[in-house]
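# Show me how the following folds:
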Amino acid sequence: MSLINKMLQDLDARGTPDGRGDAAGIRSVPERERGVSRALVFGGAAGLTAAAIALGWVYLKRPAVPPVLVSVASTPVLVPVPAPAPAVVAPAPAPVPVVAAEPEPVFQAEEATPAPAKLRAADMRRITEQAAKPAAAPVVKTAASAVSERIIDGKQVTPQQRVENEYRRALAQLQDGRVSDAMLALQQTLQLDPRHQGARETLVRLLLEAQRPDEAARQLQLSLALDPKQPAQAMMLARLQLDKANGGAAALDTLMRSLPYAADNGEYHAFLAGVLQREQRYREAAEHYQLALQAAPDNSVWWMGLGIALQADNHPAQARQAFERAKGLQTLSPQLQAFVERKLVQLTAAAAK
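I've put the predicted structure just below:
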């Protein structure tokens, strides 16, 4: 405001001749009347109000911004995971390696009683190829597999598969001429499955070939004790028992135990009849010969045996008929044919008296 007062004083000086202004009309503003003009204050307030109104109008009239949808599922959220504290692991016991058995192919033998010499060429070729393969790496046997299954070559093997694999191993060893190893493998098979008839009968035959009849008889007794429904094994055991002194009674007992399971087996009845005849039980022998002949009426040897039993049981007429039937079939060996003819001469001579 001092600048404005100075300008007014200059104008006052230029307006009078002596350079002094009209003291009555114009005078400088005293210092106490100096301050901000009320009009200026009101003008500034009005300007600010107008600016605020303009800004508010611009804000309200701006175009609405469409909302942006953010997919929470697609936006990865990084959550800091604290580093896990190192766990103290107790030293586990060293696993016991299980020597994996060489995988063996599973194939069916050609006969009910497998013989090593009758294995098919294709089967033995597969066995040879399998034997040439390297042994599988040892695996750890778990507690669960020890109960019902084992892991061999990375595969679970059931107990039945283990039995068959062991049995096939024995047959392969037989084919290679390793009879002792084959017998051990067959015994191992029977330890896993005592009812495995193929392994039992093969082992019995190997024992017989090795001139070990007592061990063969023991194997047959074990098998029949588990399952007497095996007429073939009963006959085999009875033959071994007949080779012993006074073994007729034991052989007869063996055959009678399995007789209910051989009702339609003519050979079984004929063999039992021969044992009964050896024990001088001729009537029973004749009965079993007749049962055998119902299954094979053209068996000349059985007709001859029936004639012998009937003659010994004092039935000469029926015995003569049996001998004549045996002779008429003309299938006997020369020695037996001569025997039958002598019997016919004796019976004819006895009937003539």
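# Can you give me the distance of Ala170 to Leu203?
Ala170 is 8 Å from Leu203, where distance means C-beta to C-beta, to the nearest Å. Using the backbone N, CA and C atoms, a C-beta is placed for each residue, glycine as well.
# can you check Gly248 too?
Distance of Gly248 to Leu203, given as C-beta to C-beta: 26 Å.
# give me the low-pLDDT residue ranges for the stretch 51-200 of the chain?
For the stretch 51-200 of the chain, the stretches flagged by pLDDT under 70 are 54, 56-155.
# Phi, psi for Val157 please.
With angles defined as degrees, to the nearest 10, Val157 sits at phi -120, psi 130.
# now it, which residues is it bridged with?
Note on Val157: beta-bridge partners by DSSP bridges are Arg150.
# which residues of the stretch 151-300 of the chain fall in strands?
Here the stretch 151-300 of the chain has its strands, by DSSP state E, counting those that start in this stretch, at 155-157.
# about what we covered before: so between Gly248 and Leu203, which is more surrounded?
Leu203 (24 against 17; other C-beta atoms under 10 Å).
# number of nearby residues for Ala263?
Other residues close to Ala263 by other C-beta under 10 Å number 10.
# Need the pLDDT of it.
If you check Ala263, the pLDDT there is 88.
# Kindly report the same for Arg14.
Looking at Arg14, its pLDDT stands at 59.
# ok, now which ones touch Ala273?
By C-beta atoms under 8 Å, 6 or more residues apart in numbering, the contact set of Ala273 is 284-289, 292, 305, 309.
# Is it possible to get the residues you listed out as a markdown table so that each row also shows pLDDT, neighbour count and distance to Glu164?
Putting those into a markdown table (pLDDT from 0 to 100; neighbours: other C-beta atoms under 10 Å; distance: C-beta to C-beta, whole Å) gives the following:
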| residue | pLDDT | neighbour count | distance to Glu164 |
| --- | --- | --- | --- |
| Glu284 | 97 | 17 | 43 |
| Ala285 | 97 | 26 | 42 |
| Ala286 | 97 | 26 | 46 |
| Glu287 | 96 | 17 | 43 |
| His288 | 97 | 27 | 38 |
| Tyr289 | 97 | 28 | 41 |
| Ala292 | 97 | 26 | 36 |
| Gly305 | 96 | 23 | 42 |
| Ala309 | 97 | 27 | 46 |
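# Would you report which members of the residues you listed are assigned to helices?
Among those, the residues falling in helices (DSSP state H) are 284-289, 292, 305, 309.
# Looking at these, which is nearest Leu329?
Minimum distance to Leu329 across the ones in helices among the contacts of Ala273 is 13.3 Å, recorded for Gly305 (C-beta to C-beta).
# how close does the closest residue in space to that closest one that isn't next to it in sequence sit to Pro231?
Residue nearest to Gly305 in three dimensions, not counting chain neighbours: Tyr289, with 5.3 Å by C-beta to C-beta, 6 or more residues apart in numbering. Separation of Tyr289 from Pro231 (C-beta to C-beta): 17 Å.
# re earlier: closest one of the contacts of Ala273 to Leu174?
Leu174 lies nearest to Ala292 out of those, by C-beta to C-beta, at 34.6 Å.
# can you tell me which residues contact the closest one?
Listed by C-beta under 8 Å, 6+ apart, the contact set of Ala292 reads 266-267, 269-270, 273, 299, 302.
# Tabulate those (a markdown table), appending pLDDT.
Converted to a markdown table, the contacts of Ala292 look like this (pLDDT from 0 to 100):
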| residue | pLDDT |
| --- | --- |
| Gly266 | 95 |
| Glu267 | 96 |
| His269 | 97 |
| Ala270 | 97 |
| Ala273 | 97 |
| Asn299 | 97 |
| Trp302 | 97 |
